[in-house]
Every structure is written in C-alpha cells, then in structure tokens.
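J.: Build me a structure from this.
(one chain, ligands or ions: 1)
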Amino acid sequence: MNAVPQYSNYIGGQAIGGDEYIEVENPYTGRIIGLAPKLGAAAADQALSAAKAAQPAWAKRSPVDRASYLAKCAAVIREHRVELAELLMSEQAKIAPLAQVEIDVTATYFDYYAGWARIYEGEIINSDDPQENILLFQKPIGVAVGICPWNFPFFVMARKVAPSLLVGCATVIKPSSTTPLTTLRFAELIQSIGLPPGVLNFVTGSGGTLGSALVRHPLSDIASLTGSVEAGVEIIKDSADKIMKTSLELGGKAPAIVFPDADIDLAVKGVTDSRLIFSGQVCNCAERAYVHKDIYPEFMDKLKAAFEAAKLGDPAEAGVAYSSQVDSAQLAKISGMVERAVVAGAEVVTGGQPADLGTGYFYEPTILAGAAQDSEVVQKEVFGPVLPVLEWDDYDAVIAAANDCEYGLTSSVFTRNVSTTMQAVKDLNFGETYVNREHFEGIQGFHAGWRKSGIGGADGKHGLYEYLQSQAVYIRY
Ligand code: NAD
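T.: Numbering: from 1, shown residues only. Sure thing, here's the model as predicted:
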C-alpha cells in the first residue's frame with residue numbers, strides 16, 4: 001500500500017513539519033490522501049515573527065518589482081495546472097471542470113493584481129492655505145493574516161495573497177484543515193521563485209488554536225477571513241483589544257427573485273446551476289427563490305425537471321453535475337435542516353434525503369415548496385443542494401422578504417424589463433446583485449457582504465485598498 005503523502009508548512013522559506021498531522025480525506029472515496037501539519041500557537045509566533053522581519057524590506061521594493069513575483073506565482077500555477085486541479089478535486093470532491101476553472105482563475109488573479117503595480121496611487125488634496133499641499137500617501141498595513149475556507153481554498157488563498165503582497169504587506173496564510181493540500185503544494189512549488197524568506201508563509205492547524213493565535217498575536221496588523229459568521233464573530237472578539245483591522249467575507253443566503261416577465265428557461269437554468277454547483281457549497285449561490293404566482297406552476301415544473309436531471313457521481317466523470325458534500329458533518333447539517341423544514345410545514349417537491357451511491361456524502365437535489373419566510377430553511381445558510389421556493393404577487397412584499405435576512409452577500413433578479421431591473425437593484429440591500437445571470441463575480445468587481453455577511457471585501461481596486469492605510473501629509477512652503 002502506498003504511503004500517504006505528507007505535506008509541509010513554510011515559515012521564513014523553511015519547510016516545517018509537525019508533531020501531529022491532520023488527515024485529509026477525499027470525500028468521494030473516503031480515503032486519506034494527505035497529511036498536513038497540525039500546528040499550534042507557537043507556529044503563529046514563528047510565522048508572524050518571520051513576516052514581521054521580512055516586511056520592511058519588501059515594502060521598500062517598487063510595486064513593479066513585487067508584481068514580478070505575482071507573475072511568477074501565476075506561471076507556476078499554469079505550469080502545474082492539471083496536477084493542482086486533480087489535487088483540488090480529490091481533497092473536496094469538486095467536479096473536475098470546476099476544479100480546473102478554480103486553478104486557472106487563480107493564475108489569472110495573480111496576473112490581474114500584478115497589473116495594479118503601476119495603477120494604485122495616493123491623492124493630492126486642495127488645502128485651504130494656498131501655500132500648502134496636502135498629500136495622501138497609501139502605505140501597506142504591515143503583516144497580513146489570511147484565513148481561508150474549505151470551499152474555494154485555492155482561489156481564496158490568492159484573494160488574500162495577491163493584493164497583500166503587491167502593496168508591500170508580508171503575509172501568513174492559514175488554509176482550512178479540511179482542504180489544505182492544494183495550497184500546501186503551491187507553497188512547495190513557489191519556493192523556487194525567489195521570494196524573500198518570510199514574505200509569504202503557510203501554516204496549518206485548527207481555527208480555534210492556530211487561527212485565533214494568529215489574530216490575537218501583537219505582530220499581526222490585519223486579519224482577512226473568508227469563512228462562517230461564527231468564525232467572523234470570534235475574529236472580531238480576538239482582534240478587539242488590539243483595535244486591529246479585519247476584512248471578513250462570511251456566509252450568504254442569496255435570494256433569486258423571478259418576475260412574471262422573466263425568460264423562464266433562463267431563470268430556471270440560472271437558479272439550478274447556481275444552487276447545484278459544487279453541491280450547493282458556494283457562499284454566493286441562490287439559497288432561496290421567490291417566483292411570481294403567474295409563472296410559478298411553469299417555473300416549478302421546469303425547475304423540478306432540471307433538478308431531477310442533475311447527475312450525481314464521481315467528480316472525475318464527465319457529465320456529473322455535482323459530487324459528494326465535503327464531509328459527513330456537512331451532510332448531517334443539510335439533512336437536519338430539511339427534516340426540520342418539513343416538520344415546520346414545507347413540502348418536498350423533489351429530493352429531500354441523502355443519496356446512497358455506495359460512497360461519499362451525497363444529498364439529493366432538493367426543492368422545497370411552502371416554507372415560511374421566517375423558517376430556518378429560508379433564513380439560515382444551508383450550504384447544500386436544497387432550494388426553498390416561495391410564491392409572491394406583490395413587489396413591495398417580495399423585496400421586503402428578500403431583504404429580511406441577517407445575511408446580505410448576494411442576490412439575483414430575473415426580468416426583461418429595464419425599469420423593474422433598476423427599481424429592484426435600488427431596493428435590494430445586498431453587496432452584489434446579478435441580473436439575468438447566475439452568481440459568480442468578476443475579479444475586477446468588489447465582493448463584499450452587508451449585515452452579517454461581512455466587513456470589507458475582496459477583488460478589484462477596493463480589494464487592493466483593504467491592505468493599505470493612508471497617511472495625510474501637510475506640506476507648507
Ligand atoms: P469556517 O468559519 O468553519 O472556517 C473558515 C476558516 O476559519 C478556517 O480556516 C478555520 O480554521 C478558521 N477559523 C475558524 N474559527 C476560527 C477562529 N476562532 N479564529 C481564527 N480562524 C478560525 O468556514 P468554512 O466551513 O471553512 O467555510 C464555509 C463558510 O464560508 C460558509 O459560511 C460560506 O458561506 C463562507 N464563505 C464565504 C465566502 C465569501 O466570499 N463571502 C466565500 C467562501 C465561503
């Protein structure tokens with residue numbers, strides 16, 4: 001029997017092992033496919049000390065110089081794109097085409113932020129005094145901690161590394177213990193690109209110990225988390241005494257509102273793809289649909305057919321829509337929420353239970369009708385292939401229902417009417433709204449949640465400025 005590969009952490013350019021290791025499971029096969037060090041608070045101190053030592057010299061380099069390393073990261077990813085996609089597929093049962101997209105978009109992401117080297121800038125502000133200039137410099141915050149989730153572990157790693165390094169921050173990345181392997185393989189591969197030791201460090205361990213220690217440590221200057229609301233709350237508490245900046249991208253409960261004039265086929269496809277992609281484990285995908293009563297019967301018939309046509313299976317097999325949930329806990333959470341929704345009065349239109357494929361942690365594509373607006377399944381993130389569909393007939397009421405949620409990440413609208421589009425966009429209180437398309441944001445946009453979905457955000461110009469702090473300089477002459 002082949003030995004399970006053991007991966008390293010990287011601190012100050014050195015490969016580090018652990019006394020204990022996290023076993024990483026392929027959720028589809030159930031096999032252990034890799035071991036990642038399980039480090040604790042001492043590693044947080046080592047990694048942050050290495051980053052702190054490296055950061056001033058890194059910040060003194062020109063942005064173009066720093067950008068050259070981002071371009072090298074992109075090149076390394078492209079050179080190993082198939083290997084990385086296969087690893088990503090196996091550590092989280094993401095279907096092969098989606099795993100490949102994640103790897104390729106991540107390379108593009110590094111290139112995109114490399115392109116910002118000559119673009120980001122400070123400001124010159126008019127003074128009240130004609131003999132004075134006011135200059136607003138933009139300076140790197142210092143040492144950044146990036147804490148990543150399991151669902152898009154590789155892309156989210158780049159979301160934290162690329163803008164942070166480009167502006168002159170040194171960075172410590174903590175991947176999720178569920179899916180650390182692709183990131184650790186990347187960490188190994190980039191040891192050859194010549195990054196100064198300590199500029200970029202990778203450590204693995206539990207959120208409650210290592211993650212918390214990274215946030216609480218006096219040497220960290222910003223904590224950027226993509227993860228659950230619960231982890232976000234802990235990070236706010238852990239950073240409170242330090243008055244440290246946090247950037248939090250948390251959960252979502254996106255409403256999809258379908259208007260009576262919508263292209264129904266487009267709406268059905270958009271909502272289906274959005275809800276079922278990666279087994280529903282995507283923060284910005286449609287988590288609840290509101291469908292106008294005039295088209296509700298046709299929409300539901302077509303939606304049911306689309307959900308029932310989705311093929312579950314091996315993530316490597318062509319034509320599979322989605323594979324296993326990431327672990328047994330995720331499957332149990334989804335099952336529990338559907339059971340409670342039914343007890344609370346929802347009707348199962350299709351699905352409604354785990355799917356037995358003899359392997360993995362599968363849940364059937366599930367549509368629920370008649371769930372109440374204030375019920376758990378309409379209010380809380382399911383993070384699985386389960387869609388409650390609610391019927392509506394009053395514009396103000398449906399907008400109020402969509403906005404009535406503690407999450408405020410994304411939303412979508414399906415209509416052919418420009419006035420309806422503009423009015424709905426104006427009335428919806430979410431960080432992102434997609435019109436006549438499914439979810440997924442552009443790297444030049446700004447991915448940010450309202451309410452409990454987060455503070456700050458990522459991507460584009462505004463994502464870059466998360467890692468900068470201003471210095472206003474008043475020059476009399
Ligand atoms: P999670 O909160 O369990 O874990 C995320 C990361 O936080 C992990 O690395 C974990 O170890 C770490 N962590 C946990 N507790 C911590 C603490 N007290 N201090 C420091 N670090 C801690 O989330 P998850 O289950 O990995 O990811 C799923 C969640 O992430 C979902 O809610 C999803 O909506 C959200 N998500 C949001 C976005 C977005 O862009 N808004 C993107 C992807 C995922």
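
J.: and the stretch 301-450 of the chain, which residues reach the ligand?
T.: Contact residues (C-beta under 6 Å from any ligand atom) of the stretch 301-450 of the chain with the ligand: Glu381, Phe383, Leu409, His447, Gly449. To be clear about C-beta, it is placed using only N, CA and C from the backbone, and glycine gets the same treatment.

J.: Who wins on neighbours among those?
T.: Among these, Leu409 has the most neighbours (other C-beta atoms under 10 Å), with 29 neighbours.

J.: Which two among the residues of the stretch 301-450 of the chain next to the ligand are spaced furthest apart?
T.: Using C-beta to C-beta, these reach their maximum pairwise distance at Phe383 and His447, which is 17.3 Å.

J.: what's the spacing between Ser279 and Glu441?
T.: Ser279 sits at a distance of 20 Å from Glu441 (criterion: C-beta to C-beta, to the nearest Å).

J.: In contact with Ala401, which residues?
T.: Pro255, Tyr290, Gln373, Leu390, Trp392 (C-beta atoms under 8 Å, 6 or more residues apart in numbering).

J.: Then Tyr407?
T.: With C-beta under 8 Å, 6+ apart, Tyr407 has these contacts: Val229, Leu250, Gly251, Gly252, Lys253, Ala254, Glu381, Gly449, Arg451, Lys452, Ser453.

J.: can you list the domains in this structure?
T.: 9-250+453-476, 254-442 (automatic domain parsing).

J.: Format those as CSV; extra columns: mean pLDDT.
T.: Shown next, in CSV, are the domains of the chain (pLDDT from 0 to 100):
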stretch, mean pLDDT
domain 9-250+453-476, 98
domain 254-442, 97
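
J.: okay, Ser279 and Glu441: which has more neighbours?
T.: Taking neighbours as other C-beta under 10 Å, Ser279 and Glu441 compare with Ser279 leading, 32 against 18.

J.: For that one, give me its contacts.
T.: Contacts of Ser279 (C-beta under 8 Å, 6+ apart): Ala93, Tyr322, Ser323, Ser324, Gln325, Val326, Tyr363, Gly384, Pro385.

J.: Need the nearest residue in space to it, chain neighbours excluded.
T.: Tyr322 (4.4 Å; C-beta to C-beta, 6 or more residues apart in numbering).

J.: The one you found and Leu312 touch, don't they?
T.: Yes: between Tyr322 and Leu312 there is a contact at 6.3 Å, judged by C-beta atoms under 8 Å.

J.: What segments of the stretch 151-300 of the chain are helices?
T.: 153-167, 181-189, 212-216, 229-240, 264-276, 296-309 (DSSP state H, counting those that start in this stretch).

J.: Show me which of those helices has the highest average neighbour count.
T.: Mean neighbour counts were compared across the helices of the stretch 151-300 of the chain using mean count of other C-beta atoms under 10 Å; the top stretch is helix 153-167, at a mean of 27.

J.: can I get the CA coordinates of that one in CSV?
T.: Taking C-alpha atoms only, helix 153-167 is exported to CSV below (Å, rounded to 0.1, in the frame of the first residue of the first chain):
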residue,chain,number,x,y,z
PRO,A,153,-9.5,27.1,-0.9
PHE,A,154,-7.1,27.8,-3.7
PHE,A,155,-8.8,30.9,-5.2
VAL,A,156,-9.5,32.4,-1.8
MET,A,157,-5.8,31.9,-0.9
ALA,A,158,-4.9,34.0,-4.0
ARG,A,159,-7.6,36.6,-3.0
LYS,A,160,-5.6,37.2,0.2
VAL,A,161,-2.0,36.8,-1.1
ALA,A,162,-2.1,38.7,-4.3
PRO,A,163,-3.3,42.2,-3.2
SER,A,164,-1.5,41.9,0.1
LEU,A,165,2.0,41.2,-1.4
LEU,A,166,1.5,43.6,-4.2
VAL,A,167,1.1,46.6,-1.9
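
J.: Hey, what's the angle from that helix to helix 181-189? Just curious.
T.: Inter-element angle recorded for helix 153-167 and helix 181-189: 40 degrees (by axes from the mean of the first three to the mean of the last three C-alpha atoms, to 10 degrees).

J.: Distance from the chain centre to helix 153-167, please.
T.: For helix 153-167, the distance from its own C-alpha centre to the chain's C-alpha centre is 12 Å (C-alpha atoms, centre = their mean, to the nearest Å).

J.: tell me what that helix is packed against?
T.: Where contact means 3 or more C-beta pairs under 8 Å, 6 or more residues apart in numbering; DSSP states H and E, helix 153-167 is packed against helix 63-79, helix 81-92, helix 96-114, strand 143-147, strand 170-174, helix 181-189, strand 222-226, helix 460-465.

J.: ok, the third one near the ligand or not?
T.: In other words, helix 96-114. No: using C-beta under 6 Å from any ligand atom, helix 96-114 stays clear of the ligand, coming no nearer than 11.8 Å.

J.: can you list the residues that contact that helix?
T.: Residues contacting helix 96-114 (C-beta under 8 Å, 6+ apart): 67-68, 70-71, 73-75, 77-78, 81-82, 84-86, 88-89, 94, 152, 154-155, 157-159, 161-163, 166, 182, 277-278, 315-316, 318, 443-444, 464.

J.: CA atoms only for that helix, dumped as CSV, please.
T.: Extracted in CSV, the C-alpha atoms of helix 96-114 (Å, rounded to 0.1, in the frame of the first residue of the first chain):
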residue,chain,number,x,y,z
ALA,A,96,-13.0,18.2,-12.5
PRO,A,97,-14.1,21.0,-14.8
LEU,A,98,-14.8,23.3,-11.8
ALA,A,99,-11.6,22.4,-10.1
GLN,A,100,-9.7,23.3,-13.3
VAL,A,101,-11.6,26.6,-13.6
GLU,A,102,-10.6,27.4,-10.0
ILE,A,103,-6.9,26.7,-10.7
ASP,A,104,-6.9,28.7,-13.9
VAL,A,105,-8.8,31.7,-12.5
THR,A,106,-6.4,31.7,-9.6
ALA,A,107,-3.5,32.1,-12.0
THR,A,108,-5.4,35.0,-13.7
TYR,A,109,-6.0,36.5,-10.3
PHE,A,110,-2.2,36.8,-9.6
ASP,A,111,-1.7,38.3,-13.0
TYR,A,112,-4.6,40.7,-12.5
TYR,A,113,-3.1,42.1,-9.3
ALA,A,114,0.4,42.2,-10.8
